[in-house]
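Undergrad: compute the structure for the input listed below.
(one chain, ligands or ions: 1)
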Amino acid sequence: MPCRRPVRALVFAGTLTFGPLALASAAQAAGPAAKPTPPKAGAIPSKNKEAAVASVERQRPELIGLADQIWAFAETALKETRSAKVLADYAESQGFKVERGVAGMPTAFVASYGEGRPVIAILGEYDALPGISQKAQPAKEPLLAGAPGHGCGHNLFGAASLGAAVALKELVAAGKLQGTIRFYGTPAEEAVGGKTYMIREGLFRDVDVALAWHPNDETRADTKSTQAMVDLSVEFHGKTAHAAFDPWNGRSALDGAELFLHSVNLLREHVRPSVRMHYVVPDGGDVPNVVPDHARVWLWLRDSKHVSVEELLARVRQMAQGSALAAGVEGTVKVQAGSYEMLVNRAGERLLQANMEWLGPIAYTPEEVAFAKAVQKASGVPEKGLDGSIQPLNESPGEPEGGSTDVADVSWNVPVLHVSVTTAALGAPWHAWPVAACGGMSIGHKGMAFAAKTLAATMVDLFESPAKRAEIQKEFAANTQGFTYKGYIPDGPPPLPKE
Ligand SMILES: [Zn+2]
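TA: Okay, here's the model as predicted:
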């Protein structure tokens with residue numbers, strides 16, 4: 001499933017803030033480490049927090065190395081062999097116990113350090129998207145024509161999350177914090193939904209709180225949910241015949257598919273505006289002079305709540321049956337994958353917000369701003385540069401915008417705290433070359449470091465404050481009362497690529 005596209009809230013013009021922390025970030029970019037900045041109002045003051053942020057800064061060269069390697073590997077869903085390996089190897093080198101190949105996926109792993117409660121988890125992704133290979137330059141040019149590329153910034157996602165986990169591990173190792181820190185290497189976010197299989201395996205069962213982030217063109221605590229979706233394969237099977245000599249002996253599977261899609265398009269009038277239905281037809285038969293005995297539609301249904309998606313699914317099943325009946329063929333609907341909507345944890349988002357404000361905005365060099373503007377010019381969007389400011393907490397976020405993620409499935413199993421961090425030029429298209437370009441150079445690296453610090457600081461709060469954990473868990477329990485999670489995946493093992 002595709003990850004969330006950036007959700008745009010308020011866009012402030014000229015948001016390149018140059019406060020004390022901004023200068024610190026600029027200095028860090030140049031090399032020398034900055035002094036920790038005194039906490040601002042809102043964040044819980046803590047020496048451990050400052051140590052965790054300093055650890056991320058110390059790890060900066062390693063994290064950039066990991067992110068750049070994964071960026072260059074650009075491996076797609078369930079083929080992320082080298083990407084998963086460099087992350088798992090780094091975790092192991094830092095003293096984590098690493099279990100590789102979990103939940104039936106060779107590229108999924110769990111790295112743990114410490115023992116007992118609390119168990120604080122952090123999620124990392126590392127899969128790329130097909131066909132968008134791109135050099136780290138502000139003009140569209142593939143590294144390797146037709147190859148995959150990191151058009152969603154997942155090379156930064158995995159490295160930042162692991163950097164934060166290592167920062168916390170150091171505090172646990174030093175006896176400053178007690179409990180377990182766990183990094184989840186979660187493959188195949190862009191397709192399949194690796195986390196859904198990891199949930200089914202029970203890997204999150206003992207987690208108290210989980211954290212995640214996502215690259216974006218803005219920086220904010222995510223109070224807005226994401227869309228729920230199901231990914232369906234709708235197949236029709238008929239009877240072949242010569243299309244001119246004896247077509248009356250044939251039953252066209254393509255007729256079934258066409259009737260079905262016509263009914264999907266009629267259904268659009270009778271669904272809520274928040275519904276999205278999109279499809280392709282990967283199989284409509286082979287040649288015109290043979291009545292097709294096989295046809296397949298690949299359809300995604302989305303809405304802001306999984307309950308609504310399930311209602312749509314029930315209707316679509318009936319439509320497939322009706323279409324098959326009309327065409328005299330067999331029709332089947334198979335749920336291949338899917339995601340729930342994100343269950344937002346307000347208490348957790350407030351904590352993230354306080355820590356982001358404590359860290360202060362991300363600052364950019366004139367060269368980085370020029371890079372972003374060149375990307376924007378080439379993409380035909382306004383040349384606004386970069387927005388490293390921290391958006392105010394959005395208390396009335398409204399309906400989710402288009403896009404889904406399997407992080408949302410985790411959020412119905414354990415409380416998930418989620419932020420978006422700027423790693424790309426403002427307004428430039430996502431799942432496209434501009435994101436890959438920025439994610440392979442210092443703009444992406446700065447976002448990665450900021451995300452790691454935000455997550456590390458917030459995890460320190462979670463380790464240090466049983467009251468904060470309790471508040472987050474209480475909200476989660478209230479929102480999931482009487483609810484049983486069932487992932488939108490077929491029975492059996494994950495669909496590993498055949499090669
Ligand atoms: Zn993504």
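
Undergrad: OK, contacts around the closest residue to residue 170 other than its chain neighbours?
TA: Excluding its sequence neighbours, the residue lying closest to residue 170 (Cβ to Cβ, 6 or more residues apart in numbering) is residue 55, at 5.4 Å. The C-beta positions use only the backbone N, C-alpha and C, and glycine is treated the same way. Residues in contact with residue 55 (Cβ atoms under 8 Å, 6 or more residues apart in numbering) are 166, 167, 170, 456.

Undergrad: neighbours of the third one, just the number please.
TA: Going back to what we said before, that points to residue 170. Using other Cβ atoms under 10 Å, residue 170 has 22 neighbouring residues.

Undergrad: how is it assigned, secondary-structure-wise?
TA: Following DSSP: H, G, I helix; E, B strand; the rest coil, residue 170 is assigned to helix.

Undergrad: and what of residue 69?
TA: Per three-state DSSP, the secondary structure class of residue 69 is helix.

Undergrad: which residues in the stretch 351-499 of the chain form strands?
TA: With DSSP state E, counting those that start in this stretch as the criterion, the stretch 351-499 of the chain has strands at 416-422.

Undergrad: find the closest residue to the ion in the stretch 351-499 of the chain.
TA: Residue nearest to the ion within the stretch 351-499 of the chain (Cβ to the ion): residue 405, separated by 6.8 Å.

Undergrad: and the pLDDT at that residue?
TA: Residue 405 carries a pLDDT score of 95 in this model.

Undergrad: phi, psi of residue 242?
TA: phi -70, psi 130 (degrees, to the nearest 10).

Undergrad: can you pull up the bridge partners for it?
TA: residue 290 (DSSP bridges).

Undergrad: thought it was touching residue 290?
TA: Yes - here residue 242 reaches residue 290: they are 7.2 Å apart, a contact under Cβ atoms under 8 Å.

Undergrad: one step back: any buried residues in the strand or helix carrying the residue nearest to residue 170, and which?
TA: Per DSSP states H and E, residue 55 falls inside helix 47-73. For helix 47-73, the neighbour count (16 or more other Cβ atoms under 10 Å) marks 48-57, 59-60, 62-64, 66-71, 73 as buried.

Undergrad: residues contacting the closest residue to the ion within the stretch 151-300 of the chain?
TA: Nearest residue of the stretch 151-300 of the chain to the ion: residue 152, at 3.4 Å (Cβ to the ion). Neighbouring residues of residue 152 by Cβ under 8 Å, 6+ apart: 2, 3, 128, 129, 189, 190, 215, 430, 431, 435.

Undergrad: which residue sits closest to the fourth one, ignoring its sequence neighbours?
TA: So the one you mean is residue 129. Here the residue nearest residue 129, using Cβ to Cβ, 6+ apart, is residue 151, at 4.6 Å.

Undergrad: my read is the one you found is in a strand, agree?
TA: No - counting by three-state DSSP, one finds residue 151 to be coil, located in no strand.

Undergrad: tell me the average confidence for stretch 100-112?
TA: For stretch 100-112, the per-residue pLDDT averages 98.

Undergrad: cool, and stretch 388-400?
TA: Here stretch 388-400 scores 95 as its mean pLDDT.

Undergrad: then it to PDB, C-alphas only?
TA: C-alpha atoms of stretch 388-400 as PDB (Å, rounded to 0.1, in the frame of the first residue of the first chain):
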ATOM      1  CA  GLY A 388      11.800  23.500   8.500                       C
ATOM      2  CA  SER A 389       9.400  25.300  10.900                       C
ATOM      3  CA  ILE A 390       7.400  23.300  13.400                       C
ATOM      4  CA  GLN A 391       3.800  23.500  12.600                       C
ATOM      5  CA  PRO A 392       1.500  24.300  15.500                       C
ATOM      6  CA  LEU A 393      -0.400  21.300  17.000                       C
ATOM      7  CA  ASN A 394      -3.500  20.900  14.900                       C
ATOM      8  CA  GLU A 395      -6.300  20.200  17.400                       C
ATOM      9  CA  SER A 396      -9.100  20.100  14.800                       C
ATOM     10  CA  PRO A 397      -7.400  18.100  12.000                       C
ATOM     11  CA  GLY A 398     -10.600  17.000  10.100                       C
ATOM     12  CA  GLU A 399     -10.800  14.100   7.700                       C
ATOM     13  CA  PRO A 400      -7.700  12.400   6.500                       C
END
